[in-house]
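Enquirer: predicted model and sequence follow; I will ask about them next.
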Amino acid sequence: MSTCTATNKDGTPCSNSAAAGSVYCHVHQDADASTSADEHGFGVMLASALTVILVTHFLLQFVLGA
């Protein structure tokens, strides 16, 4: 297995092993990719969805008086 060809923030070469089918390790593999939908992570998206559901629930209870 080869070594990652990326450099660390301090300019030193990365010492991690490259991922299968790539010249970069798991840390640097997506470093050059543009912003994607996954940038906020699943947890943040789940928390946002649950917040919307709870706010909608309480608003409906208030409006309908149930």
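Expert: Done, it's in. Numbers count the residues shown, from 1 in each chain.
Enquirer: S2 contacts A18, correct?
Expert: Yes - if you go by Cβ atoms under 8 Å, S2 and A18 touch, sitting 4.8 Å apart. Every residue, glycine included, has its C-beta placed from N, CA and C.
Enquirer: please identify which of the two sits among more neighbours.
Expert: Legend: neighbour count by other Cβ atoms under 10 Å for S2 and A18, higher for A18 (19 against 9).
Enquirer: okay but the more buried one is in contact with A6, surely?
Expert: No - counting by Cβ under 8 Å, A18 stays clear of A6, with 9.3 Å between them.
Enquirer: which residues do those two both contact?
Expert: Overlap of the contact sets of A18 and A6 (by Cβ atoms under 8 Å, 6 or more residues apart in numbering) consists of Y24, C25.
Enquirer: can you pull the contacts of T7?
Expert: By Cβ under 8 Å, 6+ apart, the residues touching T7 are P13, C14.
Enquirer: so where's the chain shaky on pLDDT?
Expert: 1, 31-40, 66 (pLDDT under 70).
Enquirer: please enumerate the helices of this protein.
Expert: Counting by DSSP state H, one finds helices in the chain at the ranges 41-64.
Enquirer: now V52: how far from L59?
Expert: Separation of V52 from L59 (Cβ to Cβ, to the nearest Å): 11 Å.
Enquirer: also T51?
Expert: 12 Å.
Enquirer: and N8, by the same measure?
Expert: In this view, N8 and L59 are 49 Å apart by Cβ to Cβ.
Enquirer: if you count surrounding residues, which of those two has more?
Expert: N8 (13 against 10).
Enquirer: can you pull the buried residues of stretch 16-33?
Expert: For stretch 16-33, a neighbour-count test (16 or more other Cβ atoms under 10 Å) marks A18, Y24, C25, H28, Q29 as buried.
Enquirer: nope, stretch 5-16 is what I meant
Expert: Those would be A6, C14, for stretch 5-16 by 16+ other Cβ under 10 Å.
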